[in-house]
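**Q** Sequence first, then the predicted structure:
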Amino acid sequence: MQNTVSAVYHISGWERILYTAIPILAVLGLLLTIGLSVYQSYRKVQKGKPTDPLTPACVQASLRSKHTQSSPSGNVAYFATFSIQDGRALELSVSEAEYEKLLEGNLGELQYQGSHFVCFHTNSTSEP
(Lines give C-alpha, C1' and ligand atoms only; values in the text may rest on other atoms or scores of the structure.)
Protein backbone atom coordinates (compact mmCIF):
# COMPACT_ATOMS: atom_id res chain seq x y z
CA MET A 1 0.00 0.00 0.00
CA GLN A 2 1.16 3.40 -0.89
CA ASN A 3 0.58 6.35 1.36
CA THR A 4 -0.27 9.44 -0.58
CA VAL A 5 -0.97 12.66 1.12
CA SER A 6 -3.60 14.65 -0.55
CA ALA A 7 -3.95 18.20 0.66
CA VAL A 8 -7.17 19.84 -0.20
CA TYR A 9 -7.43 23.49 0.59
CA HIS A 10 -10.97 24.68 0.90
CA ILE A 11 -11.61 28.34 -0.03
CA SER A 12 -14.31 29.91 2.05
CA GLY A 13 -16.93 32.26 0.66
CA TRP A 14 -15.18 35.40 1.94
CA GLU A 15 -11.83 34.39 0.52
CA ARG A 16 -13.41 33.71 -2.85
CA ILE A 17 -15.02 37.17 -2.80
CA LEU A 18 -11.73 38.81 -1.85
CA TYR A 19 -9.76 36.95 -4.52
CA THR A 20 -12.28 38.13 -7.10
CA ALA A 21 -12.96 41.66 -5.84
CA ILE A 22 -9.40 42.87 -5.14
CA PRO A 23 -8.14 42.61 -8.74
CA ILE A 24 -11.35 44.19 -10.04
CA LEU A 25 -11.07 47.07 -7.56
CA ALA A 26 -7.39 47.56 -8.40
CA VAL A 27 -8.15 47.82 -12.12
CA LEU A 28 -11.07 50.18 -11.48
CA GLY A 29 -8.88 52.35 -9.24
CA LEU A 30 -6.18 52.50 -11.91
CA LEU A 31 -8.72 53.42 -14.60
CA LEU A 32 -10.25 56.08 -12.34
CA THR A 33 -6.82 57.60 -11.64
CA ILE A 34 -5.92 57.70 -15.32
CA GLY A 35 -9.35 59.12 -16.21
CA LEU A 36 -9.09 61.89 -13.63
CA SER A 37 -5.59 62.77 -14.80
CA VAL A 38 -6.74 63.03 -18.41
CA TYR A 39 -9.79 65.09 -17.39
CA GLN A 40 -7.69 67.54 -15.33
CA SER A 41 -5.25 67.97 -18.21
CA TYR A 42 -8.14 68.59 -20.61
CA ARG A 43 -9.67 71.20 -18.26
CA LYS A 44 -6.33 72.97 -17.90
CA VAL A 45 -5.93 73.16 -21.69
CA GLN A 46 -9.55 74.29 -22.18
CA LYS A 47 -9.19 77.00 -19.51
CA GLY A 48 -6.37 78.65 -21.46
CA LYS A 49 -8.11 78.42 -24.83
CA PRO A 50 -10.11 81.26 -26.27
CA THR A 51 -13.85 80.90 -25.91
CA ASP A 52 -14.44 81.91 -29.53
CA PRO A 53 -11.30 81.32 -31.61
CA LEU A 54 -12.58 83.42 -34.53
CA THR A 55 -13.66 86.58 -32.73
CA PRO A 56 -11.38 88.15 -30.11
CA ALA A 57 -12.99 90.13 -27.31
CA CYS A 58 -12.53 93.86 -27.73
CA VAL A 59 -12.93 96.11 -24.67
CA GLN A 60 -11.90 99.54 -23.46
CA ALA A 61 -9.11 99.12 -20.94
CA SER A 62 -6.23 100.82 -19.22
CA LEU A 63 -2.83 99.28 -18.58
CA ARG A 64 -2.58 98.89 -14.81
CA SER A 65 0.86 97.29 -14.51
CA LYS A 66 3.38 95.08 -16.22
CA HIS A 67 5.96 92.64 -14.87
CA THR A 68 8.31 89.86 -15.88
CA GLN A 69 8.89 86.40 -14.49
CA SER A 70 12.21 84.62 -14.89
CA SER A 71 12.70 80.88 -14.78
CA PRO A 72 15.84 79.14 -13.48
CA SER A 73 16.72 78.23 -17.08
CA GLY A 74 16.95 81.94 -17.97
CA ASN A 75 13.65 82.22 -19.88
CA VAL A 76 11.70 85.40 -19.24
CA ALA A 77 7.91 85.63 -19.43
CA TYR A 78 6.26 89.04 -19.89
CA PHE A 79 2.88 89.94 -18.40
CA ALA A 80 0.58 92.96 -18.54
CA THR A 81 -2.37 93.60 -16.24
CA PHE A 82 -5.26 95.57 -17.71
CA SER A 83 -8.23 97.17 -15.95
CA ILE A 84 -11.21 96.59 -18.20
CA GLN A 85 -14.40 98.64 -18.31
CA ASP A 86 -16.41 96.40 -15.97
CA GLY A 87 -13.81 96.87 -13.21
CA ARG A 88 -12.09 93.50 -13.51
CA ALA A 89 -8.34 93.11 -13.77
CA LEU A 90 -7.11 90.89 -16.58
CA GLU A 91 -3.52 89.61 -16.60
CA LEU A 92 -2.27 88.44 -19.99
CA SER A 93 1.01 87.05 -21.22
CA VAL A 94 2.55 89.31 -23.88
CA SER A 95 5.54 89.13 -26.19
CA GLU A 96 8.73 91.01 -25.35
CA ALA A 97 8.11 93.44 -28.24
CA GLU A 98 4.57 94.25 -26.99
CA TYR A 99 5.83 94.51 -23.41
CA GLU A 100 8.33 97.19 -24.41
CA LYS A 101 5.65 99.20 -26.26
CA LEU A 102 3.18 99.22 -23.36
CA LEU A 103 3.16 102.17 -20.96
CA GLU A 104 1.43 101.96 -17.59
CA GLY A 105 -1.65 104.16 -17.37
CA ASN A 106 -2.34 104.11 -21.12
CA LEU A 107 -6.00 103.95 -22.13
CA GLY A 108 -7.08 102.09 -25.20
CA GLU A 109 -8.79 99.18 -26.85
CA LEU A 110 -7.69 95.73 -25.67
CA GLN A 111 -8.24 92.69 -27.86
CA TYR A 112 -7.80 89.24 -26.34
CA GLN A 113 -8.99 85.67 -26.83
CA GLY A 114 -9.53 83.79 -23.59
CA SER A 115 -6.26 84.33 -21.75
CA HIS A 116 -4.30 85.17 -24.92
CA PHE A 117 -3.29 88.75 -25.67
CA VAL A 118 -4.04 89.86 -29.25
CA CYS A 119 -3.27 93.61 -29.26
CA PHE A 120 -3.69 96.91 -27.42
CA HIS A 121 -4.38 100.09 -29.37
CA THR A 122 -3.95 103.25 -27.33
CA ASN A 123 -6.46 106.07 -27.67
CA SER A 124 -5.10 109.05 -29.55
CA THR A 125 -5.01 112.12 -27.32
CA SER A 126 -3.58 114.53 -29.90
CA GLU A 127 -5.69 117.56 -30.69
CA PRO A 128 -6.10 119.02 -34.24
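**A** Received, thanks.

**Q** average pLDDT for the longest helix seen in the chain?
**A** Ranked by residue count under DSSP state H, the longest helix found in the chain is helix 13-48. Across helix 13-48, pLDDT averages out at 86.

**Q** so how far is it off the chain centroid?
**A** How far helix 13-48 lies from its chain's middle: 22 Å, per Cα atoms, centre = their mean, to the nearest Å.

**Q** Now do the buried residues in it.
**A** Within helix 13-48, no residue counts as buried by 16 or more other Cβ atoms under 10 Å. For the C-beta atoms, the positions are set from N, CA and C on the backbone; glycine is no exception.

**Q** you'd agree residue 103 is up against residue 63?
**A** Yes - at 6.8 Å, residue 103 counts as touching residue 63 under the criterion of Cβ atoms under 8 Å.

**Q** more neighbours, these two?
**A** residue 63 (19 against 9; other Cβ atoms under 10 Å).

**Q** so where do the strands sit in the chain?
**A** Listed in chain order, the strands of the chain (DSSP state E) span 57-70, 76-84, 89-94, 107-113, 116-122.

**Q** Tell me which of those strands sits nearest to residue 20.
**A** strand 116-122 (51.2 Å; Cβ to Cβ).

**Q** Mind checking the pLDDT average for that closest one?
**A** 86.

**Q** From the chain's centroid, how far away is that strand?
**A** Mean-position distance between strand 116-122 and its chain equals 21 Å (Cα atoms, centre = their mean).

**Q** from now on call the first residue 30
**A** In the new numbering, first residue 30, that becomes strand 145-151.
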